[in-house]
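>>> The following comprises the amino acid sequence and a computationally predicted model.
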Amino acid sequence: MGSMRSIGYTFESAIADVIDNSISAHCTNVYLLFPENPLEELAVGILDDGCGMSDSHLFEAMRYGSSSSEDQRETDDLGRFGLGMKSASMSMCRKLTVASKYKGEIHAYTWDYNYIKQKEAWIIEEHTKAEIKNLPYVDRLESLEQGTLVIWREFDVLAKSSNGQVYEVLNEHKQSVNDAVALIFHRFLNSKTKLHLNIFINNSKVRGLDPFLEDNPKTTRKKEVSIAINDSNGKERQVKVRAFILPYASDLKNKDRQLVGGIESLKSKQGFYLYRNQRLIVWGTWFGMRPRSELTKNARIRVDIPNCLDDIFKIDVKKQTAYIPRYIQNQLKRLINDTLETSISKQTFRGRRQNVKDIDYIWNRMEARNKTFYYQINRNSELYKLVREHLNSEGITYLDILLTEIEKNLPVQQIYIDKSNESLCDNENDDKQTRLKDVLNLAITVVESVKSLHTKSVVETIDNLMKSEPFCHYKAIENELKQYYKNEI
């Protein structure tokens, strides 16, 4: 038991492992109960309204290794080793109590690690009805027709790491647990079928995330593919795979940003999302098949496996690690490449891969040796010409000195960092009406300047202008310009 306490659970993964048992008990609601007063007994409760357990069933469920990982299980069972609830709970606390209500009767048992160390024997405490009445949160279980309550007490690990500030740490964990279960169980939380699950943290309902933004019309969805693989008994099983590419960052509304768990974590959450019976096991990794990249941060590949393939995919006790077999990886190469190409395209289509002949750019992207690039201000742009025409020869010399230094001191690294952190201001999100007026006024200034030279007609000037930056990005001003100069056209 002492060794199993150090198996490597996080607080969030331990909570998730207990919730797995609740889902397997076909519950509709799970209540995560945290202390609200530092003066009361510090206990965390995980309560569900599932089918509950009889006295004998509960006694057996408290035994370590209560079922074999090789046993035939129900297809919707989220357990595997018969260790999860015990090992997860005892990794967080020294005293684990489980109370279950079945056919109107509540039974409860406790593993007390202190007592077990003292007696050096597997002795479990059975609670009397009077003792059950005094258990934390048991009144919540009593109000249900049936269900199970898991209680954690004596948080020695948290006490050591927080210098005894257990209440404060538990209070902080409420948010991290919310974020974790909102992602791990998002398909249950968002389901409109009988799989639907509600999770509450004290009185607050957890809102499921959506790492694929499936309801967003700008999300690219690839066709689902099915890959056949034999389980350990030689029976053919199906692995379902589907790729998603999220919309460009500026197309995400606040609701979308919340649903993916925050825009700042897009890069770290790209890659595979491996589900076992709808429950998320591993996410945010390419399993060594590809490196993480800024340009591929919108790529997600969902993989669904049944629980009969646990050993093939090497799912561990904590359900925190897994492995995609080489056979499956080979089958996925084409899908991965296609997904990454689409993601890269979405990240770069608003930029410029090469100069387009018909557009008068302010910046020119220049190719150097070894497929490297640098940027120069376009000395042939209409705006540059406008400024140049209003300067004498000395002024033109100083202008070119200034522009050359701007080009050489472009803060590329900082721009990349700010863009990677999504903290770079996007001009498209500026006040569009104000910007539109500014560009229109600038366009009128350019037309007036060209008119004074008597070298081009107004129509020709406007047509050329609409092929130049920034004017070509604001097509609406073309009609306004022609309306403004209608007496000269």
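It's in.
>>> For the host helix or strand of Arg334, give me every contacting residue.
Secondary structure from DSSP states H and E places Arg334 in helix 326-348. By C-beta atoms under 8 Å, 6 or more residues apart in numbering, the residues outside helix 326-348 that reach it are 220, 222, 225, 227, 229, 239, 241, 243, 245-248, 270, 286-287, 289-290, 294-299, 301, 324. The C-beta positions use only the backbone N, C-alpha and C, and glycine is treated the same way.
>>> same check, this time on stretch 115-134
Outside stretch 115-134, the residues touching it (C-beta under 8 Å, 6+ apart) are 1-2, 59, 62, 97, 99, 106-112, 135, 138.
>>> Need the distance between the two termini of that stretch.
The first and last residues of stretch 115-134 sit 20 Å apart, counting by C-alpha to C-alpha, to the nearest Å.
>>> quick one: buried residues of stretch 217-225?
The neighbour-count criterion (16 or more other C-beta atoms under 10 Å) identifies 219-220, 222 as the buried residues of stretch 217-225.
>>> What of stretch 152-170?
Neighbour count says stretch 152-170 has 152-155, 157-158, 166-167, 169-170 buried, by 16+ other C-beta under 10 Å.
>>> Tell me which helix or strand comes right after the worst-scoring helix or strand of the chain on mean pLDDT.
Using mean pLDDT, DSSP states H and E, helix 412-420 stands out as the lowest-scoring helix or strand of the chain, at a mean of 75. The C-terminal neighbour of helix 412-420 among helices and strands, as given by DSSP H and E, is helix 432-453.
>>> tell me the mean pLDDT over that next one?
Helix 432-453 carries an average pLDDT of 83.
>>> out of the contacts of helix 326-348, which are buried?
A residue is treated as buried here by neighbour count (16+ other C-beta under 10 Å); on that basis the buried members of the contacts of helix 326-348 are 220, 222, 227, 229, 239, 241, 243, 245-248, 270, 286-287, 290, 296-299, 301, 324.
>>> Please flag which of these sit within strands.
When the buried ones among the contacts of helix 326-348 are checked against strands using DSSP state E, the ones located there are 220, 227, 229, 239, 241, 243, 245, 299, 301.
>>> Bridge partners for the nearest residue to the first one once chain neighbours are set aside, pull those for me.
If the residues on either side of it in the chain are set aside, Thr220 comes closest to Ile245, at 4.0 Å by C-beta to C-beta, 6 or more residues apart in numbering. Beta bridges link Ile245 to Thr220, Ala299 when assigned by DSSP bridges.
>>> Now for Ile245: which residues touch it?
219-220, 222, 298-300, 339, 342-343, 346.
>>> Let's see that with 6 Å instead.
Ile245 makes contact with 220, 298-299, 342-343, according to C-beta atoms under 6 Å, 6 or more residues apart in numbering.
>>> Which of those residues sits closest to Ile312?
Comparing the contacts of Ile245 against Ile312 with C-beta to C-beta picks out Ala299 as the nearest, at 24.5 Å.
>>> Make sure that closest one is actually in contact with Gln270.
Yes - under the criterion of C-beta atoms under 6 Å, Ala299 makes contact with Gln270 at 5.4 Å.
>>> Does Thr144 touch Asp49 like I think?
Actually, residue 144 is Leu rather than Thr. Yes - here Leu144 reaches Asp49: they are 5.1 Å apart, a contact under C-beta under 6 Å.
>>> neighbour count winner among the two?
Using other C-beta atoms under 10 Å, the more surrounded residue of Leu144 and Asp49 is Asp49, with 22 against 18.
>>> Model confidence score at that one, please.
Asp49 carries a pLDDT score of 97 in this model.
>>> again with Asp311
In this prediction, Asp311 has a pLDDT value of 89.
>>> Need the three-state assignment for it.
Reduced to three states with DSSP: H, G, I helix; E, B strand; the rest coil, the structure at Asp311 is coil.
>>> excluding its backbone neighbours, what's nearest it?
The shortest distance from Asp311 to any non-neighbouring residue, by C-beta to C-beta, 6+ apart, is to Ser232 (5.7 Å).
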